[in-house]
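Participant: Please work out how this folds:
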Amino acid sequence: MYNKNTLKGDKTMADKEFLKTNFGIEIELTGITRERAAKIVAEHLQGNIKKQYDYYDSYKITAPDGRAWKVMFDGSIYTQKKVNGQKVAAGREYSVELVSPILNYEEDIKTLQEIIRKLRKEGAFSERQNCTGIHIHLDGTDHTPRSIRNFINIIYARNDLLYDSLQIERERMRYCKKMDADLVERMNKKKPTTFKEIEDIWYQGYGSSRDRHYHESRYHFLNLHSFFNGVGTVELRGFNGNLHAGKIRSYIVLALAMNYQALTQKSASTKKPQIENPKFAMRTWLNRMGLIGEEFKNCREHLTKHLDGSAAWRFQRAA
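Facilitator: Residues are numbered from 1 along each chain as shown. Below is the predicted model of the structure:
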């Protein structure tokens with residue numbers, strides 16, 4: 001699927017090849033019950049609901065195309081509901097995590113956005129006081145040891161820019177820590193050429209078994225535990241919870257673009273760029289990764305909105 005050569009200008013990206021990787025998304029929310037959320041999803045998809053009597057008290061919604069969506073419990077969510085326009089504490093049934101099946105951007109983004117809008121219209125919300133987040137899983141099939149190392153370096157080099165751009169809340173930092181400098185140093189000193197070598201470096205320093213589902217190593221912006229522990233995905237966890245369909249689309253596009261950059265570059269530097277103008281730096285990086293033209297205008301706006309500086313000028317214009 002992928003051209004493994006170094007990126008050549010914007011031509012490859014302009015073809016929107018970066019959007020072709022399959023992905024899944026987990027969106028944490030509250031404000032409505034899991035049962036109500038499942039009915040909203042099922043009604044939109046014209047699918048069937050089946051209650052799952054499991055630990056997560058989940059609902060499985062099977063769409064006509066056979067793909068299964070889930071609405072499930074997440075213990076990290078601070079549950080609330082609205083009473084007379086005021087938010088008040090709510091019970092366990094108001095803990096909602098929407099888990100998508102495998103999605104394709106060009107075929108499924110509109111469906112996903114409509115589901116998000118309908119949940120929001122029915123009273124769902126997802127805000128920082130609820131400790132909610134959004135996690136994006138990227139299909140790891142095409143990754144190689146080199147591309148995984150690239151991904152680690154790309155995230156590390158832009159730790160600060162990403163965290164400022166995405167306004168990652170302090171309350172959520174324990175669930176999506178910045179890329180660890182010691183891990184990056186070990187990875188680039190060793191220059192692993194096999195997945196086994198990368199896996200050993202990833203888990204170095206942790207006392208618990210690698211087979212644990214909720215292994216401590218997963219709580220980083222870039223999570224490779226899901227890649228090594230049978231799921232086969234590269235997970236990005238650095239997104240605050242929200243139910244703004246446009247912002248969620250911009251997160252997905254950013255994740256797919258970074259993933260494609262990791263797959264197609266021969267190498268990626270760990271050097272943190274000197275950034276005099278964060279907004280300009282983010283815009284030029286987004287452009288280089290393919291977020292160009294009118295189609296991605298809103299994505300660029302969402303991803304640069306909270307950064308200081310000018311998107312148009314690297315240096316302040318002379319008077």
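Participant: where along this protein do the strands fall?
Facilitator: Applying DSSP state E to the chain gives strands spanning 23-29, 48-51, 59-62, 68-72, 80-83, 86-89, 96-99, 133-139, 222-223, 233-240.
Participant: Let me know which of those is the nearest to E276.
Facilitator: Of all the strands of the chain, strand 233-240 sits nearest to E276, with 23.7 Å by Cβ to Cβ. For glycine as for every other residue, the C-beta is placed from the backbone atoms N, C-alpha and C.
Participant: Centre of the chain to that closest one, how far?
Facilitator: Averaged C-alpha coordinates place strand 233-240 at 4 Å from its chain's average position (Cα atoms, centre = their mean, to the nearest Å).
Participant: Rounded mean pLDDT for that strand, please.
Facilitator: For strand 233-240, the mean per-residue pLDDT is 96.
Participant: Tell me which other helices or strands that strand touches.
Facilitator: In terms of contacts (3 or more Cβ pairs under 8 Å, 6 or more residues apart in numbering; DSSP states H and E), strand 233-240 is packed against strand 133-139, helix 159-166, strand 222-223, helix 225-228, helix 245-264.
Participant: tell me the angle of that strand relative to strand 23-29?
Facilitator: Per axes from the mean of the first three to the mean of the last three Cα atoms, to 10 degrees, the angle that strand 233-240 makes with strand 23-29 is 30 degrees.
Participant: Neighbouring strands of strand 233-240 in the sheet, and parallel or not?
Facilitator: strand 133-139 (antiparallel), strand 222-223 (antiparallel) (DSSP bridges).
Participant: Export only the CA atoms of that strand, formatted as PDB.
Facilitator: Provided in PDB are the C-alpha atoms of strand 233-240 (Å, rounded to 0.1, in the frame of the first residue of the first chain):
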ATOM      1  CA  THR A 233      -2.700  -1.200  16.600                       C
ATOM      2  CA  VAL A 234      -0.700   1.900  17.400                       C
ATOM      3  CA  GLU A 235      -2.800   4.000  19.800                       C
ATOM      4  CA  LEU A 236      -2.700   7.800  20.200                       C
ATOM      5  CA  ARG A 237      -4.200   8.900  23.500                       C
ATOM      6  CA  GLY A 238      -3.400  12.600  23.600                       C
ATOM      7  CA  PHE A 239      -6.900  14.000  22.900                       C
ATOM      8  CA  ASN A 240      -9.200  15.700  25.400                       C
END
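Participant: Need the contact partners of that strand.
Facilitator: With contacts defined as Cβ atoms under 8 Å, 6 or more residues apart in numbering, strand 233-240 is touched by 24, 128, 132-140, 143, 148, 151, 162-163, 166-169, 172, 175-176, 218-227, 251, 255, 258-259.
Participant: The residues you listed, buried ones only, as a PyMOL selection?
Facilitator: The following PyMOL line selects those of the contacts of strand 233-240 that are buried, judged by 16 or more other Cβ atoms under 10 Å:
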select buried, resi 24+128+132+133+134+135+136+137+138+139+140+143+148+151+162+166+168+169+172+175+176+218+219+220+221+222+223+224+225+226+227+251+255+258+259
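Participant: which non-adjacent residue is nearest N277?
Facilitator: With sequence-adjacent residues excluded and distances taken as Cβ to Cβ, 6 or more residues apart in numbering, N277 is closest to G309, at 3.7 Å.
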